[in-house]
Structures are given as C-alpha cells and as structure tokens.
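Novice: Give me the fold of what follows.
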Amino acid sequence: MTDTDQKAPLMTLKDVHLRLMSEAGEVHILRGVDFEAGRGETISIVGPSGSGKTSMMMVAAGLERATSGTVDIEGVDFMTASEDDLALLRRDRMGIVFQSFHLVPTMSALENVAVPLELAGRRDAFDRAAEMLKAVGLDHRLTHYPGQLSGGEQQRVALARAFGVEPGLLLADEPTGNLDGDTGEQIIERMFELCDQFETTLMLITHDPGLAQRCSRMVTMQDGILSEDAPAKRKAS
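Specialist: Residues are numbered from 1 along each chain as shown. As a prediction, the model looks like this:
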C-alpha cells in the first residue's frame, strides 16, 4: 500500500440525501450528510430515535441506495457500483453487528462463523472460524447452537463472524442493546480490542453516552443532518 493510499479516507459521504416513499408520501430521511472516516478510527453516532442514524449506516453498508450525493468506501463508488460489487465489498471488507444477533439457528457457532468465509472462497474457513471464536472466548462452545447460547455468547459469535475477514470497516448498530450491563461491557471491550488488532474503522450507533465517549470521535444525527461533536475521549483499555 502506498503512502497516498494510507492517507486516503476509508469512507467519504458528500451531500448524501435519502428520500423514501411512505403511505403519507415522500420522506426526506438524510438531508445532505457530509462525513469522512479515516482508517482505524472509531466513531460513534448518537441522536434521537428516527433521526436517520440507522439509515446512514444502511447507506454505508450498500443496503440502501442514496437518492443523491457521493458515497465512496474503500475506493468503491456506491452510486455507480452494481449490487454484485456491493455484495462483494460487504463480504470481503465489511463486518456488520446488529442489536439482534442474526445467527442461523440450525447452524453451530463454528458454522455460523465459517459459512461467510467459505462463501468468500477461504479454504481455511473452519480453522479461521475456530480461531476467531477463541479470540472472543468461545473456543469451548464451537458445536453449540444459538438456542444453547446466552445472549452475550450469541453476540460474541456475531462479533467473531464480523471480524473473520479482518474487515476494513465495522458497522455496529446498538450491539449491546439486548444485553445486561456487565455482558455488554465485555462485548464492547472485545470489539475495541479487535478493531485495534485489525486496524478496523468502527462506525458505532449507540444511545449510551458513556459508550459514545469511548470512541475517538462522536457525531450527532438530528432530523437527517449530521454534525461533528467535540472529539470524544477514548477510554484506555
């Protein structure tokens, strides 16, 4: 990688608008969002429910097409890329963690982590999956199914799956929303550790002010408009 590549932002959103149709007519969800994220940054997005936070993340994941503006992640122009191109980018360079764990109930923990790696063509998919489950403290739960795991353990599986490809970008939408305080704290600690290990850029949606402050930057979404807050103070691990 050249010096120029290293300095280039991983993500750039310029004047991004998102309009969707509803029964009541057109809804203007994102209103000229400008946002840039460097490689390895941790950025929290805060704001009231319905302000557009999750919609911005969906646009960043390529799961929702912006109505207008510029969306560029890892050098891919989302406004002109095909659905196949975006799917490949998500597969190879992104990790996504939601409040709900989205595990396949008929697959073991090992299989849930390995299958995306197999789809990516990795011949070491199961070895890599076992390695990542060990990294999140679940090497003793490889053959257990989601229904046999606690909520915290299921989210650890989801975290292992997200980091299997060593993603350039991790999108996390309220990843501790369904967990108790102590369990959520353990998940967050491991998430930040893995972001540091793989130099992954983190975009984190949260309603928890303390968690938001642990990121290196904090931005606020209000009525589809994004504003930069004072730099957050990352809590030492």
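Novice: Give me the average confidence score over the lengthiest helix in the chain.
Specialist: In the chain, with assignment by DSSP state H, the single longest helix is helix 181-198. The pLDDT scores in helix 181-198 average 92.
Novice: list the buried ones in that helix?
Specialist: 183-184, 186-188, 190-192, 194-195, 198 (16 or more other C-beta atoms under 10 Å). Every residue, glycine included, has its C-beta placed from N, CA and C.
Novice: and stretch 189-209, how far from the chain's centre?
Specialist: 9 Å (C-alpha atoms, centre = their mean, to the nearest Å).
Novice: before we move on, what about stretch 87-103?
Specialist: Worked out by C-alpha atoms, centre = their mean, stretch 87-103 lies 7 Å from the chain centre.
Novice: Start the count at 42 instead of 1 going forward.
Specialist: In the new numbering, first residue 42, that becomes stretch 128-144.
Novice: Next SSE downstream of the lowest-mean-pLDDT helix or strand in the chain?
Specialist: Least confident helix or strand, the chain: helix 44-48 with a mean of 50, by mean pLDDT, DSSP states H and E. Following helix 44-48 in sequence order, the next helix or strand is strand 52-63 (DSSP states H and E).
Novice: Given that following strand, what are its sheet partners and their directions?
Specialist: Paired neighbours of strand 52-63 in the sheet (DSSP bridges): strand 66-78 (antiparallel), strand 109-114 (antiparallel).
Novice: contact partners of it?
Specialist: 67-78, 93, 96-97, 100-101, 105, 107-115, 210, 242, 244, 265 (C-beta atoms under 8 Å, 6 or more residues apart in numbering).
Novice: Could you work out the end-to-end span of stretch 141-152 for me?
Specialist: 18 Å (C-alpha to C-alpha, to the nearest Å).
Novice: ok, what's across the strand from the residue nearest the centre of the chain?
Specialist: Compute the mean C-alpha point of the chain, and by C-alpha atoms, centre = their mean the closest residue is Leu212, 1.1 Å away. Taking DSSP bridges as the rule, Leu212 bridges to Ile137, Met244.
Novice: how near is it to Asp113?
Specialist: Distance, Leu212 to Asp113, using C-beta to C-beta, to the nearest Å: 16 Å.
Novice: in stretch 148-159, what counts as buried?
Specialist: 149-158.
Novice: still on that earlier bit, can you list the helices and strands that the longest helix of the chain packs against?
Specialist: helix 192-204, strand 210-214, strand 242-246 (3 or more C-beta pairs under 8 Å, 6 or more residues apart in numbering; DSSP states H and E).
Novice: my guess is Ala203 meets Gly136, correct?
Specialist: Yes: contact criterion C-beta atoms under 8 Å: Ala203 and Gly136 qualify, at 3.0 Å.
Novice: list residues touching both of the two?
Specialist: Residues touching both Ala203 and Gly136 (C-beta under 8 Å, 6+ apart) are Leu211.
Novice: And these two? Which one has more around it.
Specialist: Gly136 (27 against 24; other C-beta atoms under 10 Å).
Novice: my guess is that one meets Gly209, correct?
Specialist: No: applying C-beta under 8 Å as the test, Gly136 and Gly209 come out as separate, 9.1 Å apart.
Novice: overlap in contacts of the two?
Specialist: With contacts defined as C-beta under 8 Å, 6+ apart, the residues shared by Gly136 and Gly209 are Thr241.
Novice: quick one: low-confidence parts of the protein?
Specialist: 42-48, 271-278 (pLDDT under 70).
Novice: Name the residues that touch stretch 186-195?
Specialist: With C-beta under 8 Å, 6+ apart, stretch 186-195 has contacts from 142, 144-150, 153, 179, 182, 185, 198, 219-221, 224-225, 227-228.
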